[in-house]
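J.: what's the 3D shape of this:
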Amino acid sequence: MNKEIKLLKLLLSSEVTTEDEIMEVMDIDNTELELLFDRLEDLGYLEVDNGYFEKTCDNCNKGGTCSTAPYRPVDKVKKIRVLTWKAIEEYGDAPQLSENHENPDFKPEK
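T.: Numbering: from 1, shown residues only. Below is the predicted model of the structure:
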């Protein structure tokens, strides 16, 4: 579980933005990274959200294609994983998020 916690803290720190950077910092290969991601999914710290781009990108249409050049999610992304509230609450350094999460009137800033 130590590597899983290290990965969670690394993701929450925003110090890495790509899987290649994660593998370099943690000194692991792609196979081990996938196993860690799967384990974090099983534990409820990550979830798959393949509709992420459609929700966050004004240039993506509902068919899953993206007009933001040169990035094309359908060509480059196999699986989008996002951190869950559980990860933020247990390992994040932002206690205000967990307090606001319980408030039904809370609307995160965009």
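J.: mind showing which ranges of the protein have poor pLDDT?
T.: 1, 52-78, 94-110 (pLDDT under 70).
J.: Strands along that one, start to end?
T.: 46-48, 81-83 (DSSP state E).
J.: Mind checking the ones you listed for the one nearest to residue 4?
T.: strand 46-48 (10.0 Å; CB to CB). (C-beta placed from N, C-alpha, C; glycine too.)
J.: Which elements pack onto that closest one?
T.: Here strand 46-48 touches helix 30-42, strand 81-83, going by 3 or more CB pairs under 8 Å, 6 or more residues apart in numbering; DSSP states H and E.
J.: Can you lay out the ones you listed as TSV showing mean neighbour count and distance to residue 11?
T.: Listed next are these as TSV, based on neighbours: other CB atoms under 10 Å; distance: least, CB to CB, whole Å:
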stretch	mean neighbour count	distance to residue 11
helix 30-42	14	9
strand 81-83	15	6
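J.: Among those, which comes closest to residue 21?
T.: Checked against CB to CB, the stretch from these lying closest is helix 30-42, at 10.9 Å.
J.: Give me the neighbour count for the closest residue to residue 8 other than its chain neighbours.
T.: Closest residue to residue 8 apart from its sequence neighbours, by CB to CB, 6 or more residues apart in numbering: residue 91 at 4.9 Å. Using other CB atoms under 10 Å, residue 91 has 15 neighbouring residues.
J.: From residue 29, how far out is residue 91?
T.: 24 Å (CB to CB, to the nearest Å).
J.: now residue 50
T.: Shown here: residue 50 relative to residue 29, a distance of 24 Å by CB to CB.
J.: who's more crowded, the two?
T.: More neighbours surround residue 50 than the other of residue 50 and residue 29, with 13 against 9 (other CB under 10 Å).
J.: Not counting residues beside it along the chain, what's closest to that one?
T.: Using CB to CB, 6+ apart, the closest residue to residue 50 is residue 80 (5.3 Å).
J.: Next up, phi/psi of that neighbour, please.
T.: Residue 80 adopts backbone torsions of phi -100, psi 130, taken as degrees, to the nearest 10.
J.: what's the burial count for it?
T.: Residue 80, neighbours per other CB under 10 Å, totals 13.
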